[in-house]
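In: Fold the following for me, if possible:
(3 chains)
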Amino acid sequence: MSDINEENIINTELEAIQNTESDLINNYKEYYVYEYYIEESNEVFYVGKGKGNRAWKDVRNPECEKIKAEYEWKVRIVEEGITEDEALSIERDLIEKYRASGVMLTNIMPGGVKPTEKEAIGYVKYLSFLVEKGVLQMSLVDISNLLLLNQSTVWQIVNSEHYTDIDPLLPENINEIIHKYHVNSYTDDQIRVGNIKYILDLIEKDVLKLSQAQLAEYYEVTPSNVSSIKKGKTHANVPLLIPDNVGDIFKRFDVFYVSEEEKIRGMIMFIIRLRNEGILRMTNRDIGRVLEVSDYLVAEFNRTNEDRKYVAKEYRPDAEIMAKLIPYFVVK
DNA sequence: TGTTAAATCCGGGCCGGTTT
DNA sequence: AAACCGGCCCGGATTTAACA
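Out: Predicted coordinates for the structure are as follows:
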């Protein structure tokens, strides 16, 4: 009896030793975390973990590959000589950090965990369930790209009886997936139209200074497209959508920017006001000479028939012009 | 829906005749 | 002499219409 017990104890100990060994092997610090970044702008677009030459080989998801094809990019090792678990955790943290700070990563599966086959099948089932329920708008191709599966595999999972014993499985990154593929999401074209509507609204409100033609050029559409969009003749169902780069547009079309022409007109307004207030004594011709414009033009700002009178925002002349005005000041 | 060309709109600028 | 005022032209911006 005691012999048997001893044997059991020894076996258990042996097992424990073996487990420790395999733990050691599994935890061997050969993993690293890497990221892909665009050389020119230093923008990170993908974060991953791996060992060996994983960072430099294989394709990633389509969006990531698109950027790889479009830009000069490089690999950067963020952390190395770590265990798989550490790598995973660092990778997740890093992705979270980037996402929180607004960096648009192309990572689809956070943590870069390659799902097991069984999990992948579960995900496919879950996603096709959401498609069926009208929650998501995804084609089978979308699903296969998302899960890095073969298209025909996805078709098999959805349409054949071979996988009935596997239950739908909620994907970890369901949040991102729904945001990207929900039924009310918009295509790139629709987003562009929504952006145009948004800017049109700001033009209407005099918050931005640009013509519809400029807007059309900015978004690489024709002015008549913009006109139709504005009138709701096309894309009536697309709402206003804030452009991602709305700040750039504000900088480019700043409503308070004053062009040289506007300055001239503003100065005419300024001088005419001073003349009307009796501060300056000048003829239209005098004003024309000082500002190097025709006296005809000056007269337009001084019309008595209001409907044709030119109006501009007053602009205070610089020192040089002011100096030229000095002889015309009325001495009291 | 989108493209293209033509039509229309509209403001800027200039002019000449008339008035101040 | 300077200002006033309607007319007119030009050209860019926008809209419309015809059509793939």
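
In: Sketch out the low-pLDDT regions of chain A for me.
Out: Residues of chain A that meet the criterion pLDDT under 70 lie in A:1-28, A:58-59, A:61-63, A:99-104, A:107-116, A:332.

In: So which bits of it are right by DNA strand B?
Out: A:189, A:221-222, A:224-225, A:228, A:234-237, A:261, A:265, A:293-294, A:296-297, A:299-300, A:310 (CB under 7 Å from any atom of the strand). Where you see a C-beta, it was placed from the backbone N, CA and C, and this is true even at glycine.

In: change it to 6 Å
Out: For chain A, the residues in contact with DNA strand B (CB under 6 Å from any atom of the strand) are A:189, A:221-222, A:224-225, A:234-235, A:294, A:296-297, A:300, A:310.

In: And those residues, which is closest to DNA strand C?
Out: DNA strand C lies nearest to A:Ser224 out of these, by CB to the nearest atom of the strand, at 3.3 Å.

In: What strand or helix carries that closest one?
Out: Using DSSP states H and E, A:Ser224 sits in helix A:223-231.

In: What helices and strands are in contact with that helix?
Out: If you count contacts as 3 or more CB pairs under 8 Å, 6 or more residues apart in numbering; DSSP states H and E, helix A:223-231 packs onto helix A:188-204, helix A:212-218.

In: buried ones in the first one?
Out: The one in question is helix A:188-204. Across helix A:188-204, burial judged by 16 or more other CB atoms under 10 Å covers A:192-200, A:202-203.

In: Then the shortest one?
Out: Of all the residues in helix A:212-218, those buried under the rule 16+ other CB under 10 Å are A:212, A:214-216, A:218.

In: Name the residues that touch the helix holding A:Ser224?
Out: Residues outside helix A:223-231 that contact it (CB atoms under 8 Å, 6 or more residues apart in numbering): A:193, A:196-197, A:200, A:212-213, A:215-216, A:219, A:234-235.

In: re the thing from before, let me have the helices and strands packed on helix A:223-231 in CSV, adding distance to DNA strand C as columns.
Out: Listed next are the helices and strands packed on helix A:223-231 as CSV, based on distance: least, CB to the nearest atom of the strand, whole Å:
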stretch, distance to DNA strand C
helix A:188-204, 8
helix A:212-218, 3
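
In: Using a markdown table, lay out these together with distance to A:Val75.
Out: Shown next, in a markdown table, are those (distance: least, CB to CB, whole Å):
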| stretch | distance to A:Val75 |
| --- | --- |
| helix A:188-204 | 28 |
| helix A:212-218 | 35 |
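
In: Residue numbers of chain A in contact with DNA strand C?
Out: Within reach of DNA strand C by CB under 6 Å from any atom of the strand, chain A has these residues: A:211-213, A:223-224, A:227-228, A:230-231, A:283-285, A:299, A:302-305.

In: rewinding a little: which one of the residues of chain A next to DNA strand B has the most neighbours?
Out: Among these, the one with the most neighbours (other CB atoms under 10 Å) is A:Asn225, at 19 neighbours.

In: Now do the residue of the stretch 1-150 of chain A found nearest DNA strand B against A:Glu277, distance only.
Out: Nearest residue of the stretch 1-150 of chain A to DNA strand B, counting by CB to the nearest atom of the strand: A:Gln137, 16.3 Å away. Distance of A:Gln137 to A:Glu277, given as CB to CB, to the nearest Å: 65 Å.

In: what about A:Lys324, neighbour count?
Out: Neighbour count of A:Lys324, defined by other CB under 10 Å: 14.

In: show me the contacts for the residue nearest to it when sequence neighbours are not counted.
Out: Distances taken as CB to CB, 6 or more residues apart in numbering put A:Val290 closest to A:Lys324, at 4.8 Å, once the chain neighbours are dropped. A:Val290 makes contacts with A:271, A:282, A:321, A:324-325, as judged by CB under 8 Å, 6+ apart.

In: quick one: secondary structure of A:Val290?
Out: Following DSSP: H, G, I helix; E, B strand; the rest coil, the label given to A:Val290 is helix.

In: Just the buried ones from the residues of chain A next to DNA strand C?
Out: A:212, A:228, A:230, A:284.

In: Farthest-apart pair in those, please.
Out: A:Ser228 and A:Asn284 (44.2 Å; CB to CB).

In: returning to that earlier point: who wins for proximity to A:Leu127 among the helices and strands packed on helix A:223-231?
Out: Among the helices and strands packed on helix A:223-231, helix A:188-204 sits nearest to A:Leu127 (CB to CB), with 21.7 Å.

In: neighbouring contacts of that closest one?
Out: Identification of contacts with helix A:188-204 by CB under 8 Å, 6+ apart yields A:186, A:208-210, A:212, A:215, A:219, A:221, A:226, A:229-230, A:234-235, A:238-243, A:246, A:249.
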